[in-house]
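Enquirer: quick check, what structure comes out for this input:
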Amino acid sequence: MSIWPATADELIATQQALAAAARPPPWHPPTDPIVAGCFACLLRGVSGAGAPGDPVWAGAAEYRGLRCIGRASARGTASGRYLPGLLALRVGPSLEAAVRALPEAADVLIVDATGYDHPRRAGLAVHLGAVLGMPTVGVTHRTLLAAGDWPSDERSAVSPLLLDGDIVGYWLRTRAGRRPVAIHAGWRTDAATAVRVVLGVSRHRTPTPLREARRMARVARAHAKC
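Expert: Residues are numbered from 1 along each chain as shown. All right, here's what the predicted structure looks like:
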């Protein structure tokens, strides 16, 4: 898969095809993986769902353990306004560009998006992984459709996120005393593997590669001449 849909109807069809396709073999993390993160932001002041043509800034960063080994950023434009479940129209191509600009090929990618917690079981974390051919994990501050109680207040505590009776992710407490984050199974990863990846690169509430990718995107936006 290499083309990002340009309309909502095309994206829905792509998501349905992704969900219906045979899943590739599961990914098993190596001993010392390179973990990348990617994040996209839009122009300050854009309210509501936005509009096609809005500028997008994407950042990416990759880590071996807690040591950064590469950073990149990219600028693009949104193909459509934001609608729940159709985030790829806004930021998909820009995120791909930022990740491809990283100096090293990462083993796994953390995406600021859901995976199977999605109306068609093909959120942006799954879609981006299929485009890149890279295992992915989704990390968000809230769920899209899945539900589950929060875990106990201690680091590494988890509780399942369920959608139609299936575990599609976990609430994960990355730091005691802070709200948990939603960890989503993505392309070639299951929910348990996703938790393992995130815990390995988390010193703060947000995993470090995603935190640095967010900073890169915001710096690129701050330096842009719109």
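
Enquirer: give the contact list for the residue nearest to residue 158 when sequence neighbours are not counted.
Expert: Excluding its sequence neighbours, the residue lying closest to residue 158 (Cβ to Cβ, 6 or more residues apart in numbering) is residue 170, at 4.3 Å. The way it works is simple: take the backbone N, C-alpha and C, and place the C-beta from them, glycine included. By Cβ atoms under 8 Å, 6 or more residues apart in numbering, the residues touching residue 170 are 148, 151, 158-161, 182-183, 191-192, 194-195.

Enquirer: and the strand or helix carrying residue 170, which residues are buried?
Expert: Here residue 170, judged by DSSP states H and E, is contained in strand 166-172. For strand 166-172, burial by neighbour count (16 or more other Cβ atoms under 10 Å) applies to 167-172.

Enquirer: looking at the contacts of residue 170, state which has the most neighbours.
Expert: Highest neighbour count within these, by other Cβ atoms under 10 Å: residue 183, with 31 neighbours.

Enquirer: you'd agree it is up against residue 194?
Expert: Yes: using Cβ atoms under 8 Å, residue 183 makes contact with residue 194 at a distance of 4.9 Å.

Enquirer: how far away is residue 128 from residue 25?
Expert: 19 Å (Cβ to Cβ, to the nearest Å).

Enquirer: low-confidence ranges, this structure, go.
Expert: Counting by pLDDT under 70, the chain has low-confidence residues at 1-2, 46-48, 225-226.

Enquirer: do that again at 90, thanks
Expert: For the chain, residues meeting the criterion pLDDT under 90 lie at 1-3, 22-23, 43-50, 65-66, 80-84, 224-226.

Enquirer: longest helix anywhere in it?
Expert: helix 208-223 (DSSP state H).

Enquirer: and it, what other elements does it pack with?
Expert: Applying 3 or more Cβ pairs under 8 Å, 6 or more residues apart in numbering; DSSP states H and E, one finds that helix 208-223 contacts strand 34-42, strand 55-64, strand 67-77, helix 88-100.

Enquirer: before we move on, back to that, neighbour count: residue 128 and residue 25, which is higher?
Expert: residue 128 (29 against 6).
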